[in-house]
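Student: got a predicted structure plus its sequence, pasted below:
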Amino acid sequence: MSDIEEKMNEEYKWGFESNIEMEEFPKGLNEDIIRLISSKKNEPDWLLESRLKAFEHWKTLKHPNWQYFDVPEIDFQDLYYYAKPKTKNAIASLEDLDPELLATFEKLGIPLQEQKRISGVAVDAVFDSVSLGTTWKDDLLKVGVIFCSISEAVVEYPDLVKKYLGTVIPHTDNYYAALNSAVFTDGSFVYIPKGVTCPMDLSTYFRINAKETGQFERTLIIAEEGSFVNYLEGCTAPQRDENQLHAAIVELIALDNAEIKYSTVQNWYAGNKDGIGGIYNFVTKRGICKGVNSKISWTQVEAGSAITWKYPSCILIGDNSEGAFYSVALTNNKMKADTGTKMIHIGKNTKSTIISKGISAEESQGIYRGEVKIMPSATGARNYSQCDSMLIGDKCAANTFPYIDVKNSSATVEHEASTSKISADQMFYLQSRGIDAEKAISLIVNGFCKDVFKTLPLEFSVEAVKLIEMKLENSVG
Amino acid sequence: MLQVKDLSASVEENEILKKINFSVKPGEIHAIMGPNGSGKSTLSKVIAGHPDYEVKSGSVEFSINGKMTDIGELEPSDRAREGIFLGFQYPVEIPGVTNINFMHESFNALCEHQGADTMNEKDFREYVKSKLPILEMSEAFLDRPVNEGFSGGEKKKNEILQMLILNPKLALLDETDSGLDIDALKTVANGVNTLKSKYNSVVLVTHYQRLLDYITPDFVHVLYNGQIIRTGDKSLALELEEKGYDWLIEEHNANS
């Protein structure tokens, strides 16, 4: 292998494929498949009905076409909707998993075996359509924190799931929300009881492995009165020439005085230099600050996927509640990222902060799309938005579409935006200090993203910096 | 350690340097003086490898591993790693990157190249702190973004601080004295004198002689219209201070 080829393969070191015997449902999307998914997961009737209702609705919808770039047509009948590693017996503990699966997660830096587990972080490991298991589950239960897969929650805590599922993002919300509501397979469930500060960080790692399979994640996090949780999410997929779909719904609910911090490092396979392959990351994420003084913050580092469509949002109902969105979106090669947020102010004195940093290199396209809506009831609402774009090279593009809709005259809304290029002066200055061109770009970019990185938990921010560095490695013209 | 031979360089097809010759030996201090637009800054940038300037003919040789080597093909970062330092006339802002982090990256890049031990964050901070009093700088500077919100004088001090930390074989200081009040000028000169040793050389690019009241040059070169029209010792600088550049330029024009 030539040096260059080796380098190209190194570019996405998570691109390996695990050789696991899988159990798959037949390809295609129809009522039978949905019934099969539901029965496989021993779901109660109400959930099957809700799936079928969502499917009926989805069939009436047309694929969205408001985007700023072409989204290739997806043949929804040519996908697998359920793929699960074959197991001979029911698994009692994570230790009993197929060694190949354990090895896969270990390679990804997420050891699942008890003696190797990362302390201070509980992990739910989702592989294709199923959760393989959750670490530290029993320890968390002792303080009343429920952390398990959504499939398990449906069976074990049906009342909680029924009470909240779909209340933040109904199936009628959008095309992919309808699809997800019909066919979702796995994801995480978190319940933090009243007054509890979750004693460790919770995280979910999503891995796509099976070919031609869509991953339909569903995650639900409920923070009861006065509780706090720090939740982290990571994701990777093999390097393939075919595109794959990850269409998720994540719902967050914060009650009085509760706080949820949700951080993502999105590193799906992004396709190669020519834009062949990569994940379509079409995700609906939304949190609702239901209670007074509640807080939800979304921090995301979007560094992967061929196409990203994602707007983690906050509905601020409780008086004095706060929403935040901190985002770094990096695109290179032919990637396209259309991401941003919505902040809907309903309660009095609600506050929102948006800091978005887009970095585009090569022939990629980065778009910030956001909406700040101040409803008539939101007296004293405040929003601060800052949307900065940085371009590397002259073939990429950055666009910003901020929508501001103020229906209460007492509101304060501030919006700042900038677009910059890495200047030749900055490059020469750093290089004249012995710092090579690649490192110089990465320093400048990391400086540019600092306000967002500092909101990430430490290990995540270290990972984010490394990831950005790696992604930019070949972007120096 | 530095030999500039018949160097001609241009930017966007405008010839700025025309057959420059001069050489610097270890331990020497050279001053390059001249009126505005004479090519002084260009000369230091070309030696440091600025990509905007094209070397049309001639060469720049620098001592690498004890051997004079043509560095024309070396990247600016490689020149820096070999021990060339350029103090900028207009130091550049790098938002979001702390001064200490920037200097640490730079220092370790040089150490790695030179086969010396790199330093961890804590030791490096102590090392930098030991240099701060020379420039009358406070530790707070280290945690501010590189040059962002610095006053003119602070930026120049920060350049000299970097120079002291990197301990270059050759420091090219481009108009380091411009925009400094007398106290800051003395402080900066003190910093430069601290570097001076029998191994380290300094090339001062300056418009005025006042910096030379505090740093004694071994040689003074007068640059005019891209050419060195006179080389002398410190007394030449004093003469320029008194009489300006015009007499030299007239003499030069009469001879050519």
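Tutor: Looks like it arrived, so ask away.

Student: where exactly do the strands run in the stretch 1-150 of chain B?
Tutor: B:2-11, B:14-24, B:29-33, B:54-64, B:67-70, B:84-87, B:94-98, B:145-146 (DSSP state E, counting those that start in this stretch).

Student: tell me which of the ones you listed sits nearest to A:L101.
Tutor: Set against A:L101 and scored by C-beta to C-beta, the strands of the stretch 1-150 of chain B come closest in strand B:94-98, at 40.1 Å. In short, each C-beta sits where N, CA and C put it, glycine included.

Student: closest point of chain A to chain B, which residue?
Tutor: Nearest to chain B, among the residues of chain A, is A:G447, at 2.9 Å (C-beta to the nearest C-beta).

Student: count of neighbours near A:L141?
Tutor: 12 (other C-beta atoms under 10 Å in any protein chain shown).

Student: over to A:E438?
Tutor: With neighbours defined by other C-beta under 10 Å, the count for A:E438 comes to 15.

Student: sorry, back to before: look up how far A:G393 lies from the nearest residue to the residue of chain A closest to chain B once chain neighbours are set aside.
Tutor: Spatial nearest neighbour of A:G447, chain neighbours left out: B:G96 (2.9 Å); criterion: C-beta to C-beta, 6 or more residues apart in numbering or on different chains. Using C-beta to C-beta, to the nearest Å, one gets 20 Å for the distance from B:G96 to A:G393.

Student: which of the two has more neighbours?
Tutor: Between B:G96 and A:G393, counting by other C-beta under 10 Å, B:G96 is the more crowded of the two (20 against 16).

Student: which residues touch the more buried one?
Tutor: Going by C-beta atoms under 8 Å, 6 or more residues apart in numbering or on different chains, B:G96 touches A:446-451, B:145.

Student: quick one: which of those residues sit in strands?
Tutor: The strands, defined by DSSP state E, take in B:P145 from these.

Student: nearest residue to the residue nearest the centre of chain B other than its sequence neighbours?
Tutor: Chain B has B:L172 as the residue nearest its centroid, 1.7 Å off, counting by C-alpha atoms, centre = their mean. Leaving out its chain neighbours, the residue that sits closest to B:L172 by C-beta to C-beta, 6+ apart is B:S44, at 4.1 Å.

Student: now the strands for the stretch 201-350 of chain A?
Tutor: With DSSP E, counting those that start in this stretch as the criterion, the stretch 201-350 of chain A has strands at A:201-207, A:218-223, A:228-236, A:243-246, A:249-254, A:259-266, A:278-289, A:295-302, A:307-310, A:313-316, A:322-331, A:336-339, A:342-345.

Student: list the helices and strands the fifth one packs on?
Tutor: Right, the one you point to is strand A:249-254. Here strand A:249-254 touches helix A:175-183, strand A:218-223, strand A:259-266, strand A:278-289, strand A:295-302, going by 3 or more C-beta pairs under 8 Å, 6 or more residues apart in numbering or on different chains; DSSP states H and E.

Student: tabulate these (TSV), appending mean neighbour count and distance to chain B.
Tutor: Converted to TSV, these look like this (neighbours: other C-beta atoms under 10 Å in any protein chain shown; distance: least, C-beta to the nearest C-beta, whole Å):
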stretch	mean neighbour count	distance to chain B
helix A:175-183	24	35
strand A:218-223	25	31
strand A:259-266	23	19
strand A:278-289	25	27
strand A:295-302	26	15
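
Student: part of a strand, is the residue nearest to the centre of chain B?
Tutor: Yes. Assessed with DSSP: H, G, I helix; E, B strand; the rest coil, B:L172 lies in a strand.

Student: so what's it bridging to?
Tutor: Beta-bridge pairing for B:L172 (DSSP bridges): B:L86, B:V203.

Student: quick one: it and B:T42 touch, right?
Tutor: No. With contacts counted by C-beta atoms under 8 Å, B:L172 stays clear of B:T42, the gap being 11.6 Å.

Student: quick check, pLDDT for the spatially most central residue of chain A.
Tutor: Nearest to the geometric centre of chain A sits A:T264, at 5.4 Å (C-alpha atoms, centre = their mean). Note on A:T264: pLDDT of 94.

Student: surely it and A:A303 touch.
Tutor: No. With contact defined as C-beta under 8 Å, A:T264 does not count as touching A:A303 (10.2 Å).

Student: please list only the buried members of the contacts of B:G96.
Tutor: A:446-450, B:145 (16 or more other C-beta atoms under 10 Å in any protein chain shown).

Student: could you identify the most distant pair in those?
Tutor: A:C449 and B:P145 (13.2 Å).

Student: which parts of the stretch 101-250 of chain A are helices?
Tutor: For the stretch 101-250 of chain A, the helices defined by DSSP state H, counting those that start in this stretch cover A:137-142, A:150-156, A:158-164, A:175-183.

Student: redo those as TSV? Include distance to B:G244.
Tutor: Shown next, in TSV, are the helices of the stretch 101-250 of chain A (distance: least, C-beta to C-beta, whole Å):
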stretch	distance to B:G244
helix A:137-142	81
helix A:150-156	83
helix A:158-164	83
helix A:175-183	75
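
Student: switch the ones you listed over to JSON lines; also include mean pLDDT.
Tutor: Putting the helices of the stretch 101-250 of chain A into JSON lines (pLDDT from 0 to 100) gives the following:
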{"stretch": "helix A:137-142", "mean pLDDT": "94"}
{"stretch": "helix A:150-156", "mean pLDDT": "96"}
{"stretch": "helix A:158-164", "mean pLDDT": "97"}
{"stretch": "helix A:175-183", "mean pLDDT": "98"}
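
Student: what sits against the residue nearest to A:D173 when sequence neighbours are not counted?
Tutor: Leaving aside its chain neighbours, A:D173 sits nearest to A:T284 (6.3 Å; criterion: C-beta to C-beta, 6+ apart). A:T284 makes contact with A:169, A:173-174, A:176-177, A:180, A:248-250, A:310-311, according to C-beta under 8 Å, 6+ apart.
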